[in-house]
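Chemist: coords below, sequence missing:
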């Protein structure tokens with residue numbers, strides 16, 4: 001997700017939750033536009049669903065940026081799937097918003113391509129490289145070491161450590 005790459009965190013994410021949040025955003029928009037929120041059971045279910053999904057973001061090891069990115073993308077993409085004739089003219093606005101969003105996220109992601117000094121996990125990365133080096137992924141450990149040296153801005157630091165073993 002570009003939202004995760006644009007975030008100041010140094011993390012990897014796995015899963016489908018960002019896409020689910022995108023579907024959730026489209027569903028909420030559909031309910032609001034069709035007036036379904038006026039029906040008390042639908043409104044109660046909608047509020048409960050949004051509240052539970054909001055609370056899920058506070059659990060550990062949950063990527064809030066992936067969920068936020070999925071939700072925003074779902075809102076924008078809803079404009080592309082609507083068949084309401086009154087809404088079709090807004091598709092141009094959705095295209096402009098999507099292109100602008102992707103452009104801004106790509107720019108921010110480019111700015112965050114290096115890991116800041118305060119967010120370095122040198123010890124953890126070294127341990128992972130040593131485990132890979134001792135196992136069947138020996139060759140991959142050197143490729144990963146070279147890439148980590150580039151990301152951290154080191155002069156073959158990880159590569160030299162692996163070479164000494």
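Modeler: Ah, there it is. Because the structure is predicted, anything quoted here is derived from the model rather than measured. Residues are numbered from 1 along each chain as shown.
Chemist: Can you give me the neighbour number for residue 109?
Modeler: 15 (other C-beta atoms under 10 Å). Every C-beta, even on glycine, is put in place using the N, C-alpha and C of the backbone.
Chemist: end to end, how far does stretch 128-148 reach?
Modeler: For stretch 128-148, the first-to-last residue distance is 11 Å (C-alpha to C-alpha, to the nearest Å).
Chemist: Now it: buried residues?
Modeler: 129, 132, 133, 141, 142, 144, 145, 148 (16 or more other C-beta atoms under 10 Å).
Chemist: Take the residues you listed and keep only those in helices.
Modeler: 129, 132, 133, 141, 142, 144, 145, 148 (DSSP state H).
Chemist: packing partners for the one helix or strand residue 70 maps to?
Modeler: Element membership of residue 70, judged by DSSP states H and E, is helix 64-81. Counting contacts by 3 or more C-beta pairs under 8 Å, 6 or more residues apart in numbering; DSSP states H and E, helix 64-81 is packed against helix 2-6, helix 17-34, helix 91-111.
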